[in-house]
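1. What would the 3D arrangement of this be:
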Amino acid sequence: MKEPALEAETRTPFTCCLDCGGRCELVAVRRGMELVRIDTPTGQLDTVMLPRLVPCARGRAHRRLLSVSERVLHPMRRTDPRRTGEFEEINWATALDLIAERLTGAREEYGCEAVLCATGAGAAGSLGISGAAAARRFFSFWGPVTGLVGNMSSHAVGLAADWMYGGRVDGSDRATILDSRLIVLWGMNPAETRMGPNTEFFIAEARNRGAKVILLEARYTDSGVLADQWIPVRPGTDVALAAAVAFTLEEQDLVDRVFLDRSTTGYGEYRDYILGSADGVAKTPEWAECITGVPAAVTRGFARELGTRKPAMILPGWGPQRALHGEQFPRAMITLACMIGSVGLRGGGAASLGFRQGMAFSIPGMPSGSNDLGRTLHNATWATDLLSGDLQPPVKVEADLVLPIALSLERWELMRSWGHNAHVFLSPPVSEPAGEVRTDYWVFAQLAQRLGFHDAYTLGRTEEDWIRYMAARTGPAAAALARDGVARLEGSPRSALAEFRANPAANPLPTPSGCIELANAAARSFELPHIASYVPLPPISRDHLHLLTPHSRLRANSVLHANPWLQRLERHALWINPVDACERRIRDGEMVLIQNENGTVSAPAKVTERIVPGVVSLYQGTWYEPDATGVDRGGCANTLTSRQLSPSGGMVAHSSAVTVRRAEP
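-> Below is the predicted model of the structure:
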């Protein structure tokens, strides 16, 4: 008996919209209308300048999200008092009529600011079709609502770039990593947070070619496999370690004084600080050892490597700057990069944000309305602001309706690369919408119809019309987008600030001096030191542990939490050192309670030497699941993180302290 013939497979290129640091090439494999798997492209160029944009597990696991049990497939309306979470299904017309009615009522009674547009990064990089960009565009036509401000990811890094470089300077292309002889991953974890699809590849290849890789982090992360050496550092003390490294560079005459003299201002003030001329305390490796936990001999050895292995590239992560005085960390990284003369050098780098600021391909975008935000709340504190009762007018439109919105697999997008690369994707829907799900654009167009500005909002175009309209106007990218679904910038790898390095006088930076400014008067307005000096954290009591809440390789913030494939890859658990576990009689895998003044979380313990004593780590992004007693059984890190801000208004998620104890059976 003949086997039935399998239906022919079709392969459609697309990308995911996650805020994960990647933006990679994916291929949807379908039989008829069924999406059977997600694959990677075949037959692609794989060169130094155009390496394959290989996705991680997050991108490959997208298909399972289409059918997870937690997914909302129909419009839902709350049927009971808030907190209990009872909803009923309603039809789309009823849901949209209710939203339009409540928006209009709130505006008439309280004003537009009574509406809060609180959006996250579920569709990061959208040009106005989906997610936060679509919501902001809709309200720009409707009225000046309350919105959110504050960069949750890289606030302090960006501010340091503004102060020291005069703006967000471009990072060097990742391919220039191959020219490095020393690569320093300081709080950087590319194996989990990616920071460009090919960062790990280039680091590994550079190491194969003889470069040395050093990881500085309180945890031995998965990026440790890329490194020759792990230097464990206590959280919040990186700036003290940088000062001790700088002292050693000065002591051993390993400072690039030619670069400092030609290209920077303010180094004399920093030099006085590290040598102790300013306060009588020399920032020696022995001084730093008591603060950082790094042995003085290790600090000296690291400094010698940094000063002699040229070119050296410092790749700072964003974790250390999410701290109480997080502004000082990126300032210290830029200062070290200047001391060793790596700025503008091929294989070196600016040790800053790292993004390509100027997009390689021009995209026209979607026009917005005339309304700006009427009032802003900070991303880190808006919920507290709402509960305080102090807002006037109060926010009056709340989430009593939940709408089923299409995943990236079910909608059109035109997506720029995430930041470290130069490409753009034309990403079509690769699966039929499930249930009654609709796209953000469809929902806002329907609301615009009810509220009287449909024609201005849509200009007569569907979302596919908009995507194709924008894609056709991307200049040299248009043909590649139409043919391959992706366009990439070709040419030689760029070294950021190379022109400035070659001739600072002819290519000045947009700072008052035209140079890199290592001392910044603007810091004084935030009661921060003039230079990248160490500011001690408040002491932690003996029974408390320092909490880190890093990003997970299995989620993009809270997106993908419900994906069963990813849940099986690694159990969500609290990392704790054996020394701390022994003191608390905690065994590996045992349930523990993690607690501070903000809340209580239950999670299993992962007893491991991959984290330094005195520190615990709980990946962020799991969903909040409080029980009847208020204990969060979902292990949500936000239950515990500090509600403070850094002096300039940055997140301080890595400056919390907790107690940890065995959970009672």
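
2. Report the residue ranges of every domain in the protein.
-> 155-356, 545-662 (automatic domain parsing).

3. Can you give me the first-to-last residue distance of the last one?
-> Domain 545-662 has an end-to-end distance of 14 Å (criterion: C-alpha to C-alpha, to the nearest Å).

4. Quick check: phi and psi on residue 623?
-> Per-residue torsions, residue 623: phi -80, psi 140 (degrees, to the nearest 10).

5. next one: the one 5 residues further on
-> The phi and psi torsions at residue 628 (degrees, to the nearest 10) take the values phi -60, psi -20.

6. Residue 119 and residue 409, how far apart?
-> Counting by C-beta to C-beta, to the nearest Å, the gap from residue 119 to residue 409 is 21 Å. Yep, even glycine has a C-beta here, placed from its N, CA and C like the rest.

7. Repeat that for residue 394.
-> 38 Å.

8. Touching, residue 218 and residue 237? I think so.
-> No - using C-beta atoms under 8 Å, residue 218 makes no contact with residue 237, being 9.3 Å away.

9. Those two: which is more packed in?
-> residue 218 (28 against 21; other C-beta atoms under 10 Å).

10. ok, that one to residue 415 distance?
-> Distance from residue 218 to residue 415, by C-beta to C-beta: 34 Å.

11. So which bits of the helix or strand that contains residue 261 are buried?
-> Residue 261 belongs to helix 257-263 when assigned by DSSP states H and E. Using 16 or more other C-beta atoms under 10 Å as the test for burial, helix 257-263 gives 259-260, 263.

12. With stretch 421-433 instead?
-> Buried residues in stretch 421-433 (16+ other C-beta under 10 Å): 421-431, 433.

13. now swap in stretch 409-423 and tell me
-> With burial defined by 16+ other C-beta under 10 Å, the residues of stretch 409-423 counted as buried are 409-423.

14. Kindly report the same for stretch 430-449.
-> 430-431, 433-434, 437-448.

15. now, which of those residues sits nearest residue 166?
-> Distance to residue 166, by C-beta to C-beta, is smallest for residue 440 among the buried residues of stretch 430-449, at 36.4 Å.

16. residues contacting that closest one?
-> Applying C-beta atoms under 8 Å, 6 or more residues apart in numbering to residue 440 gives the contacts 123, 129-131, 134-135, 405-406, 411.

17. want to try CSV for the residues you listed, with secondary structure as columns?
-> Converted to CSV, the contacts of residue 440 look like this (DSSP: H, G, I helix; E, B strand; the rest coil):
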residue, secondary structure
123, coil
129, coil
130, coil
131, helix
134, helix
135, helix
405, strand
406, coil
411, coil
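
18. And the residues you listed, which is the shakiest by pLDDT?
-> In terms of pLDDT, the lowest of the contacts of residue 440 is residue 123, showing 63.

19. Quick one: name whatever helix or strand follows the longest strand anywhere in the chain.
-> Longest strand in the chain, counting residues (DSSP state E): strand 599-607. Note on strand 599-607: by DSSP H and E, the next helix or strand toward the C-terminus is strand 615-618.

20. What is the helix or strand just after that next one packed up against?
-> Downstream of strand 615-618, the first helix or strand assigned by DSSP H and E is strand 656-662. On a contact count with 3 or more C-beta pairs under 8 Å, 6 or more residues apart in numbering; DSSP states H and E, strand 656-662 meets strand 545-548, strand 591-596.

21. So which of the ones you listed is the most surrounded?
-> strand 545-548 (a mean of 24; mean count of other C-beta atoms under 10 Å).

22. Give the partner strands of it in its sheet and their orientations.
-> strand 615-618 (parallel), strand 656-662 (antiparallel) (DSSP bridges).

23. just those: most buried one?
-> The most buried one of those (mean count of other C-beta under 10 Å) is strand 615-618, showing a mean of 25.

24. pLDDT on that one, on average?
-> Strand 615-618 shows a mean pLDDT of 98 in the predicted model.

25. what does stretch 261-277 give?
-> On average, the pLDDT along stretch 261-277 is 98.

26. give me the element the residue most central in space within the chain is part of.
-> The centre of the chain sits closest to residue 153, judged by C-alpha atoms, centre = their mean, with a distance of 4.7 Å. Taking DSSP H and E as the definition, one finds residue 153 inside no helix or strand.

27. That one touches residue 317, doesn't it?
-> No - with contacts counted by C-beta under 8 Å, residue 153 stays clear of residue 317, the gap being 10.9 Å.

28. follow-up on the earlier one: mind putting the strands paired with strand 545-548 into a markdown table with distance to residue 492?
-> What follows is the strands paired with strand 545-548, written out as a markdown table (distance: least, C-beta to C-beta, whole Å):
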| stretch | distance to residue 492 |
| --- | --- |
| strand 615-618 | 40 |
| strand 656-662 | 45 |
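
29. of all those, which lies closest to residue 182?
-> In terms of C-beta to C-beta, the element of these nearest to residue 182 is strand 615-618, at 26.3 Å.

30. residues in contact with the spatially closest residue to residue 128 that is not a sequence neighbour?
-> Closest residue to residue 128 apart from its sequence neighbours, by C-beta to C-beta, 6 or more residues apart in numbering: residue 366 at 3.7 Å. Contacts for residue 366 (C-beta under 8 Å, 6+ apart) come out as 127-129, 137, 466, 470.
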